[in-house]
Structures are given as structure tokens and as C-alpha cells.
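A.B. asks: The sequence isn't on hand, but the structure is:
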């Protein structure tokens, strides 16, 4: 019995992976898609509106299979409406992380350039003076 349940769950997951709303939400969860979360809340409202209209059809004597579409509409609508504020939070967190990484990179580049400047142009005042025999200004031509 457990093996049958596991196989059924795997098959259902594979099927639902390609459902249009799941594919769209997966795309919206990417970094580039996070900015589209609040506008897609309107799609959630449209799903809920469609579910409401289908429920009215059911109350007026519509076929019973419309119940599945009502449940599907409510579920998808709530998913999109809930994802809107979550996407804003994720977008703010991603932008703060990017800003922090940019500042760290700039600070690291500044330290590297200061280190390189110290290595390429040595300050003669900190070093001991050259002995007269090795000083090129006082050397006599041969």
C-alpha cells in the first residue's frame, strides 16, 4: 500500500510540475520575476472572480463538475494573492544583499588599490639611505 501511495505521489508531482500556474509561480520566484509579484496579484483576483461566477452557476443548477473548477480557482487565486507581498519581501531582501555585496566589493577594491599603491611606489623616507658607493648620483663613471 505504501509503494502504491509513493508511486501515485511521484506521478502527481511530475504532472503538477508542468501545470501553468505552477510554472508561472516558479518563474515569478526567480530574481528577475520578483518585481512582477504585486501585478500578478490582480491575476489572483481574476481567479477568485471566476470562482465566484462558477459558484453562482452551480447554485443556479449547473453541472457538478464545476465544483472542481471552483476549488481550482480559489486555490490558484489565493496562491497569487499571497505571493504578491511575499515577492516584495523577497525582492527587498535580494536588493539589500546585492547592495551589501557591492559595497563589500568596492571596499575590497579600495583596500587592494591602496595596497598596490604602497607596493609600487615605495616611500623613501621610511627606508634607510643608500650607502654612497651604491648611490647612483655619487657614483663616478669608469
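C.D. replies: On my side now, so go ahead. What you see is a predicted model, and the numbers here were worked out from it, not measured in a lab.
A.B. asks: Now do the helices in this protein.
C.D. replies: 2-16, 20-28, 41-59, 66-120 (DSSP state H).
A.B. asks: show me where pLDDT drops low in this protein?
C.D. replies: Applying pLDDT under 70 to the chain picks out residues 112-142.
A.B. asks: sorry, back to before: nearest approach to residue 35 belongs to which of the helices of the chain?
C.D. replies: With C-beta to C-beta, the closest approach to residue 35 among the helices of the chain belongs to helix 66-120: 6.1 Å. C-beta coordinates here come from the backbone N, C-alpha and C atoms, glycine included.
A.B. asks: for the closest one, the distance to its chain's centre please.
C.D. replies: The chain centroid and the centroid of helix 66-120 are separated by 5 Å under C-alpha atoms, centre = their mean, to the nearest Å.
A.B. asks: Also compute the angle for it relative to helix 41-59, please.
C.D. replies: Angle, helix 66-120 to helix 41-59, by axes from the mean of the first three to the mean of the last three C-alpha atoms, to 10 degrees: 170 degrees.
A.B. asks: which strands and helices sit next to helix 66-120?
C.D. replies: Judged by 3 or more C-beta pairs under 8 Å, 6 or more residues apart in numbering; DSSP states H and E, the packing partners of helix 66-120 are helix 20-28, helix 41-59.
A.B. asks: Which one of these lies nearest to residue 3?
C.D. replies: Distance to residue 3, taken as C-beta to C-beta, is lowest for helix 20-28 among these, at 25.8 Å.
A.B. asks: what's the angle from that closest one to helix 41-59?
C.D. replies: Helix 20-28 and helix 41-59 meet at an angle of 170 degrees, taking the same axes, to 10 degrees as the criterion.
A.B. asks: Quick check: buried residues in helix 20-28?
C.D. replies: Of the residues in helix 20-28, those buried by neighbour count under the rule 16 or more other C-beta atoms under 10 Å are 21, 24-25, 28.
A.B. asks: Centre-most residue in this protein?
C.D. replies: Per C-alpha atoms, centre = their mean, the C-alpha nearest to the average position across the chain is that of residue 31, at 3.1 Å.
A.B. asks: show me the contacts for residue 38.
C.D. replies: 84, 87-88 (C-beta atoms under 8 Å, 6 or more residues apart in numbering).
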